[in-house]
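>>> sequence unknown, structure follows:
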């Protein structure tokens, strides 16, 4: 049995089954099969054993194909998305944490007004061509001092969605004691795909 399984695992996926199955060896022992070669029952038992081993080999062969196809699909569906920072700072003016995918001008204007809540006069709205780009924005909300920061680490396409990994870091040295709201906004190629976010906290940088 083990010899047959070893043969099945070693089969190249491009090899035709019809060319392989005749090479599978007959079982070395027939267990309870009759020992007389002329006995009809012995022949039937032998064929049953051989067919069972062949079926096992075929199943393993198919499992190899499925596994290889799944691996190709995973590799093809995983893609890193390039991005550029549009705005980044420590005072977003938004007290609560946020994760946003902004795809149109009206949402961008409304969100920018929120960001300028603590600034007078507010900065001009950055011009974004939403026919070509989308924005990804993350913010930590209130933090007790200036040692905190946030950075988008990577954006990847997985299946039919985007996943944004961003990292919150904290220093251990001297920092302003003012409350801060670290944030970052990046520009990516326009997409309507759903976006999910993964917030990671790095150990303090001491």
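Looks like it came in fine. Fair warning: this is a prediction, and the values are worked out from it, not measured in the lab. Residues are numbered from 1 along each chain as shown.

>>> going forward, measure contacts between C-alpha atoms and count neighbours the same way
OK.

>>> And the strands in the chain?
Listed in chain order, the strands of the chain (DSSP state E) span 78-80, 84-89, 98-102, 133-139, 148-158, 161-170, 183-189, 195-201.

>>> which one of these is the most hemmed in?
Ranked by mean neighbour count under mean count of other Cα atoms under 10 Å, the strands of the chain are led by strand 133-139, which reaches a mean of 22.

>>> coming back round to it: can you tell me which of the strands of the chain comes nearest to residue 124?
strand 84-89 (11.9 Å; Cα to Cα).

>>> I'd like to know which elements the closest one is packed against.
strand 183-189 (3 or more Cα pairs under 8 Å, 6 or more residues apart in numbering; DSSP states H and E).

>>> Name every strand pairing with the strand it packs on and say which way it goes.
strand 84-89 (antiparallel), strand 133-139 (antiparallel) (DSSP bridges).

>>> out of those strands, which comes closest to residue 177?
Comparing the strands paired with strand 183-189 by Cα to Cα, strand 84-89 comes nearest, at 16.1 Å.

>>> what's in contact with the closest one?
182-188 (Cα atoms under 8 Å, 6 or more residues apart in numbering).

>>> As JSON lines, these with pLDDT and distance to residue 204 would be great.
Shown next, in JSON lines, are the contacts of strand 84-89 (pLDDT from 0 to 100; distance: Cα to Cα, whole Å):
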{"residue": "182", "pLDDT": "97", "distance to residue 204": "16"}
{"residue": "183", "pLDDT": "98", "distance to residue 204": "18"}
{"residue": "184", "pLDDT": "99", "distance to residue 204": "20"}
{"residue": "185", "pLDDT": "99", "distance to residue 204": "23"}
{"residue": "186", "pLDDT": "99", "distance to residue 204": "24"}
{"residue": "187", "pLDDT": "99", "distance to residue 204": "28"}
{"residue": "188", "pLDDT": "99", "distance to residue 204": "29"}
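
>>> What's the separation between the nearest residue to residue 174 once chain neighbours are set aside and residue 204?
In space, and not counting its chain neighbours, residue 174 is closest to residue 147: 7.8 Å by Cα to Cα, 6 or more residues apart in numbering. The gap separating residue 147 from residue 204 is 9 Å, by Cα to Cα, to the nearest Å.

>>> Which of the two has more residues huddled nearby?
residue 147 (21 against 13; other Cα atoms under 10 Å).

>>> Can you pull the phi and psi angles for the more buried one?
Phi and psi for residue 147, reported as degrees, to the nearest 10, are phi -80, psi -10.

>>> what domains does the record give for the protein?
Taking automatic domain parsing as the domain assignment, the ranges for the chain are 2-78, 81-201.

>>> Least reliable of these by average pLDDT, please.
Across the domains of the chain, domain 2-78 has the smallest mean pLDDT, namely a mean of 46.
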